[in-house]
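Participant: Sharing a model that was predicted from the sequence below.
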Amino acid sequence: MQVVGMELPRKEDIVTARDIGVVGCQRCTKVWPLGTTRCTRCGARVISRDRLAYQRVWAWWLVGLICYIPANLYPMLETRTLIASQADTIIGGVLTLMGHGSYGVALVIFVASVLIPVGKFLAIAFLAISAQRGTRSPSLQRMGLYEIVEYIGRWSMIDVFVVAILSALVQLNALATVTPGPAALFFGMSVIFTMLSAQSFDARLIWDAERR
Amino acid sequence: MSATPPPVPIAPARRSWVERISVVWVVPIAALLIALGVAWSSFADRGPVIEITFDTAAGVAAGQTELHYRDVVVGLVEDVRFTDDLSAVIAVVRVEQDVAPFIDSSARFWVVRPEVTTQGVSGLDTVLNGVYIEGSWDTAAGEPRRAFVGLTNPPLIRPGEPGLELGLRAVGDTVLNGDTPIFFKGVEVGRMGTARISRDGGFTIAEAIIYEPYDQLISDATRFWDSSGFTFSIGPTGAELDFTSLASLVGGGVTFDTFVSGGTPAQDGDVFDVFSNDATARASVFNASDVDPLEVSVIFEENVAGLAAGASVDLNGLRIGEVTNLNGIVDEARFGDRRVRLIVTLAIQPARLGLPDDPTEARALAFLQERVAGGLRARLATAGLLTGGLRVELVNDPEAEAAEIDLTATPFPVLPATESDITDVTVTAEGVLSRISDLPVEELLNSAIDFLNAGTALVADQALQDTPEELQALLGDMRGFVGSDAMQNVPVLMEAALQRIEAVARQLEEDRAVERLIAAVDATAAAAAGVPELVTELNALAAMASELPVETLITELTDLVDAAEDVIDTDDARALPGSLAQALAELQATLSELREGGAVANANAAMASARNAADQVAVSVQDLPRLLERMNEVLAQTSTTLQSYDQSSDLNRSAREALRDLSAAADAVSRLARAIERNPNSLLIGR
Ligand SMILES: [Zn+2]
């Protein structure tokens, strides 16, 4: 992120490091002249725009999407009691809760397990496409979107946490047991891969897109 | 925005594709490959679908009901739907691939539900876990079949199970009790299934299985008879009370024996008749044989009353046939006078003559010819001392004039006869009377009274009164048993027997037997002393008959009934419905607790499923009264036997264990509900 000047940046004021012929080290933030390939302070590779970043973004994004499918098809939580066993998928659990009138909880689960992951997929895809193809939407907004995606990534795991806690708590042998379903693993993997996808994105590309 | 960017060093235009393509692409490609592989293998491993048609599908649920084979899950019901005309229910079952080849035309399917039978409690796990479909098929893979008709009841014989499959057909007044054990010398060697009415309504038939290795016992000479209930008879040999076992006395049973050797082993599918008792079964061996009986005629010089069709034909004391017909004959041309002679037709079973190998009619005749040449003659003899009937006896008379079988006679060959042996009656008349007076009628009655006393004591037993819930139904049936026709008839039978004895005595008195006796007595001085003796004995007999404690017997029966009623009237017994209702109320309370717990913790899906579980408990519990009712019913059916009072009997133990398990399960559920209620926080976090 290369913000120059103290006042709120206006469009015209935004100058990228590339514009002024320098490149920043992504690890230790030391600024080097354009063309430097290795930061001699920390040893990291220095590159002004990582074109390969798009491929990494899309690759991780795709794996995340692949994992998200079984995460919704398989049961998230298997509840086995003395008399019955029940397996709920994410959507199934939401519908069950709504059926019981617990709209609030249903909403929380729906947001955490469906809305946010899907939103993340869309957001990352939008950011990557807009950076690749160029767009009219303001860079600042896209930068904000990117930061939201980055920030929210860790909270997507809330569903997995609940499953983990329940499985650890409810182990009453024959009487009642709660075990995580296969979907928990896939959901967790999906979250990890989308986080990797978001991190692979080279945020500097956002600033290039608008001026093209 | 600055005007022109400073010159940027441009990377070489051509870079190798390794540099242009990120390594990360390996991950999605691997993920895709794995997904495809998993999808393919699960599709390839998927077993076929079979359709089983049931009349009703109570408890069968799509996605839940399993298909079991030898108590291992081998399939799952995927769908439950109706046939096109709604006349039946089709359960669509996905079976596992490795068992699919074995599900051929030999396969049978039925729904396993909780059941309480005379043999114990079965399927109790289905009370809690829901019903499942049990399949059974043989161990050979065959032409696969995909549509089956489910059985209403578990099959008696499971495909591939070793054993001899028979049909048992009731003849005469035999009543086939379905689902009863088959005993041999008191050991259960097989089972009889549910009895069906034949297509024409003429008889009842049931399929039966004889377990290995007892199937060796069955040959075509085997006779089955009904061993349930008991027989009570007074005969020349004394009085007899006979029953096979206490279990069969109550639950019914069939037993068998092979009276003659040399039968060919029975095959699967053979049908046997079931006779009402062993005497009929025994007699049938001689009446019904695979070999046609040899029919011969005998002409007796005497024309005496007492011989009747059905009388036995004996050789060396062994019954070899029977009299089928008898007529008077007057033939001046043949006999030289106009006296009436008796012509008797005998049906002789070749198999009973002890011929080696394969007995036939012709060989039997040849055998008789040979014996007649050696002096074998037919004669009339007294059949029994009490009945006074006659029989035909084949005896060796070495002093007889030479004779042979008249093969030219029509319609049957004529066997030579010799002087009859019916004077024995008079000689043994006194012996008969003394035997009558020796009949242990009194002992029998005493035994019966003792038996009933024991029953009364048992019914009045404190331990018994303490467990009315188990015995209420039982005692109801005890009453039924006591009030049954058979028991009611005991005094009547006794009376009838006494009347018969009296009649015989009277007959002897009135008959020429006594006259002849008197004549005989008159003839010798020694015998003259016998007359008063005879009269004395008759008097003694009459006195004894009048002293028979029939009254006592009836009193005892009444006592027994009273005692049974007392037990039923105890507070414990009356409290029974109350405690049952209480138990149900407790279950209900448990359920509502579960429901409340669900409402409190509805914040998460885990509790939602707990609530579902509670609903299932409710459904199961609705079945409970029915189950209890059924247990009562069956207990009532099974346990008139005193054996059932035994605390260690299998049935009692199973039933008690079942009830204990049920209450333990209910306790566990209520404990869970309480635990969740006390500490809902543990479940509040989350979905
Ligand atoms: Zn550095």
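Facilitator: Cool, got the structure. Residues are numbered from 1 along each chain as shown, chains lettered A, B, ... in the order given.
Participant: wait, what's in contact with residue B:269?
Facilitator: Listed by CB atoms under 8 Å, 6 or more residues apart in numbering or on different chains, the contact set of residue B:269 reads B:165, B:166, B:167. For every residue, glycine as well, the C-beta is placed using N, CA and C.
Participant: ranges for the strands of the stretch 1-150 of chain B?
Facilitator: For the stretch 1-150 of chain B, the strands identified by DSSP state E, counting those that start in this stretch occupy B:49-54, B:66-69, B:72-82, B:89-95, B:108-112, B:115-117, B:120-122, B:132-136, B:147-149, in order along the chain.
Participant: Could you list the low-confidence segments of chain A?
Facilitator: For chain A, applying pLDDT under 70 flags the ranges A:1-13, A:83, A:209-212.
Participant: quick revisit: mark which of the contacts of residue B:269 are part of strands, please.
Facilitator: Among the contacts of residue B:269, the members falling in strands (DSSP state E) are B:165, B:166, B:167.
Participant: so which of these comes closest to the ion?
Facilitator: Distance ranking of these against the ion, using CB to the ion, places residue B:165 first at 88.6 Å.
Participant: where does chain A come near the ion, residue by residue?
Facilitator: Contact residues (CB under 5 Å from the ion) of chain A with the ion: A:25, A:27, A:28, A:30, A:39, A:41, A:42, A:44.
Participant: Which residue, other than its chain neighbours, is closest to the fourth one?
Facilitator: With CB to CB, 6 or more residues apart in numbering or on different chains as the criterion, residue A:30 has its nearest non-adjacent residue at 5.0 Å, and that residue is residue A:41.
Participant: Looks like the one you found contacts residue A:25 (just checking).
Facilitator: Yes - Residue A:41 is within contact range of residue A:25, at 7.0 Å (criterion: CB atoms under 8 Å).
Participant: Counting neighbours around each, name which of these two comes out higher.
Facilitator: Taking other CB atoms under 10 Å in any protein chain shown, residue A:41 and residue A:25 do not tie; residue A:25 has more neighbours (20 against 12).
Participant: check contacts around that one.
Facilitator: A:31, A:32, A:39, A:41, A:42, A:44, A:46.
Participant: Residue A:204: neighbour count?
Facilitator: Neighbouring residues of residue A:204 were enumerated by other CB under 10 Å; the total is 21.
Participant: Which of the three states applies to the nearest residue in space to it that is not next to it in sequence?
Facilitator: Closest residue to residue A:204 in three dimensions, ignoring its sequence neighbours and counting by CB to CB, 6+ apart: residue A:49, at 6.2 Å. Counting by DSSP: H, G, I helix; E, B strand; the rest coil, the backbone at residue A:49 sits in coil.
Participant: Identify the residues contacting residue A:49.
Facilitator: For residue A:49, the set of contacting residues under the criterion of CB under 8 Å, 6+ apart consists of A:18, A:202, A:204, A:205, A:208.
Participant: just checking, the first one is part of a helix?
Facilitator: No - for residue A:18, which was evaluated using three-state DSSP, the result is coil, with no helix membership.
Participant: Name only those of the contacts of residue A:25 that count as buried.
Facilitator: In terms of neighbour count (16 or more other CB atoms under 10 Å in any protein chain shown), the buried residues within the contacts of residue A:25 are A:32, A:39, A:46.
Participant: Just those residues: which are in strands?
Facilitator: By the criterion of DSSP E, membership of the buried ones among the contacts of residue A:25 in strands covers residue A:32.
Participant: quick check: domain ranges of chain B?
Facilitator: With domains defined by automatic domain parsing, chain B comprises B:44-149, B:163-287, B:296-428, B:462-685.
Participant: where among those domains is the average confidence lowest?
Facilitator: Ranked by mean pLDDT, the domains of chain B end with domain B:462-685 at the bottom, a mean of 56.
Participant: Start and end of stretch A:71-81, how far apart?
Facilitator: Across stretch A:71-81, the straight-line distance between its terminal residues is 24 Å, by CA to CA, to the nearest Å.
Participant: nope, stretch B:208-218 is what I meant
Facilitator: Distances were taken as CA to CA; on that basis the terminal residues of stretch B:208-218 are 12 Å apart.
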